[in-house]
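1. what's the 3D shape of this:
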Amino acid sequence: MVITVKKSFLLFPLLFVCCIDLVTQNNLYNSLLFKGGSWMETNHLDSLKLGGGDFTLQFWASGGELSISEAPALFSIIDENNNTKLAFFRDAGNPEYGTTIVNSMVFSTQLTGVDWSKGNEFHLFTFTFSDTGGYRFSVNDSEFSASTDTGVDVSGSTLTIGAMANESRTILENFWYGYIDEVRVWNTPLADSTIQFQVQHPNKFGDYYRYSYYDSLVALWRFNLEEPQAIIEDESDFDNHGTIYTKSGYSIELSKLGAN
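-> Below you'll find the predicted structure:
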């Protein structure tokens with residue numbers, strides 16, 4: 001099969017075009033606008049030093065126009081047996097609801113203060129896991145879903161941003177519609193005070209972070225791009241770069257919108 005690769009990005013053969021199909025100017029942009037049919041893949045989470053222990057996933061994200069009935073997935077982690085270890089969706093029918101899946105258990109939550117229809121309103125979504133404290137989910141500095149004592153083993157899995165997908169792509173659906181400004185991965189559960197600081201200061205990780213828990217930051221994708229590129233560099237110290245994929249007929253746009 002001959003694969004057409006746009007924007008001169010030549011990667012390993014896939015059934016999908018690997019690219020960011022967008023129009024840009026010579027400026028620094030703040031976020032990516034996902035419009036369906038596009039996603040980003042990371043390395044195995046083992047390389048992010050996330051096993052079955054403590055970790056935190058964070059997303060600065062916003063919504064946007066939606067004309068489909070399928071709930072868009074902000075991210076997903078599906079293991080080799082096609083079990084959903086972790087995923088989060090914006091509700092397709094109600095602009096104030098979100099759904100989290102943890103170990104195939106579903107938690108639907110009304111997210112007070114969130115309106116998915118407003119693409120210019122960015123929120124910090126934080127998913128915290130601890131062997132001792134279980135699972136917690138917060139939007140900005142408010143915790144919404146009930147805590148659980150369920151541990152999550154993500155070893156051998158990949159993190160997919162912007163879709164519900166497994167590594168072999170036999171599952172590839174629920175594409176994201178909306179903006180993603182920044183994604184952070186930590187191999188420790190963040191404290192409430194740290195999350196509150198981050199909400200108040202979107203461009204900072206934490207008070208005196210360089211001298212405290214900065215070493216636990218194992219992946220950082222800012223999406224601050226000047227031109228189209230398929231490889232999104234990891235700005236942490238671990239070189240866990242992500243790869244953007246776009247199905248034929250779909251595109252991602254660079255945007256100046258972002259968390260302020």
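
2. Listing partners with orientation, what would you give for the helix or strand hosting D181?
-> Using DSSP states H and E, the element containing D181 is strand 177-186. Strand 177-186 has its sheet partners listed here by DSSP bridges as strand 31-35 (antiparallel), strand 55-62 (antiparallel), strand 217-221 (antiparallel).

3. Which SSE is immediately downstream of the first one?
-> So the one you mean is strand 31-35. Heading C-terminal from strand 31-35 (DSSP H and E), you reach strand 38-44.

4. ditto for the last one
-> Downstream of strand 217-221, the next assigned helix or strand under DSSP H and E is strand 231-232.

5. how about the strands paired with strand 177-186, which one is nearest P72?
-> Among these, strand 31-35 comes nearest to P72, with 7.9 Å by C-beta to C-beta. Yep, even glycine has a C-beta here, placed from its N, CA and C like the rest.

6. Show residues contacting the closest one.
-> 20, 60, 62, 64, 72, 119, 122, 162, 175-182, 223, 225, 250-258 (C-beta atoms under 8 Å, 6 or more residues apart in numbering).

7. Quick one, which of the residues you listed are buried?
-> 20, 60, 62, 64, 72, 119, 122, 162, 175-182, 223, 225, 250-255, 257-258 (16 or more other C-beta atoms under 10 Å).

8. Helices along the stretch 101-250 of the chain, start to end?
-> Assigned by DSSP state H, counting those that start in this stretch, the helices in the stretch 101-250 of the chain fall at 192-200.

9. Give the residue spans of it that score low on pLDDT.
-> Within the stretch 101-250 of the chain, the ranges that satisfy pLDDT under 70 run 145-150, 206-213.

10. what are the ranges of the strands in it?
-> Per DSSP state E, counting those that start in this stretch, the stretch 101-250 of the chain carries strands over the ranges 105-110, 123-130, 134-139, 142-143, 158-161, 164-165, 172-173, 177-186, 217-221, 231-232, 242-246.
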